[in-house]
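Visitor: Here is a sequence together with a model predicted from it:
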Amino acid sequence: MQETTDPRLILLSPEDNCLIAAARLPQGETLMIEGERITLATTVELAHKVARRALSKDEKVLRYGAIIGHVNADVARGEHLHTHNVESDYIPTYTHDAGHAYVQH
């Protein structure tokens, strides 16, 4: 995987279906994921996740080889994974939206 995936993306465990950004990746940036050229639709902040492959709605997200939640919509390879499209299977998911209020999803 390493020679065909951008070095700014880290695979924590071979079972994972997400990669971790080792740098801020701006919207429009083109990078390789396992030999496929991907153009980022949104900015991915440092330490955030991107989909290693396409994920179907309700599919589990694996990080460190463990389930951390599920996607609430279909996700394309290279798409940013965060609270807007990933829900925890263990604790309520909250976001800090405009107006400084936490909103449960």
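Guide: Looks like it arrived, so ask away.

Visitor: Test my guess that E59 contacts V71.
Guide: Yes - because the distance of 5.6 Å satisfies C-beta atoms under 8 Å, E59 is recorded as touching V71. All C-beta spots, glycine's among them, are computed from the backbone N, C-alpha and C.

Visitor: okay, those two: which has more neighbours?
Guide: Neighbours per residue (other C-beta atoms under 10 Å) separate E59 from V71, with V71 holding more: 21 against 15.

Visitor: list the contacts for the residue nearest to P7 when sequence neighbours are not counted?
Guide: Setting aside the residues directly before and after it, P7 is nearest to A22 in space (C-beta to C-beta, 6 or more residues apart in numbering), at 7.6 Å. Applying C-beta atoms under 8 Å, 6 or more residues apart in numbering, one finds that A22 lies in contact with P7, R8, L9, I10, L46.

Visitor: Can you report how many residues neighbour the fourth one?
Guide: By the other C-beta under 10 Å criterion, the neighbourhood of I10 contains 12 residues.

Visitor: same question, the last one
Guide: For L46, the neighbour count with other C-beta under 10 Å is 11.

Visitor: Let me know the pLDDT of the residue lying closest to it once chain neighbours are set aside.
Guide: With sequence-adjacent residues excluded and distances taken as C-beta to C-beta, 6+ apart, L46 is closest to R24, at 5.2 Å. In the prediction, the pLDDT value recorded for R24 is 98.
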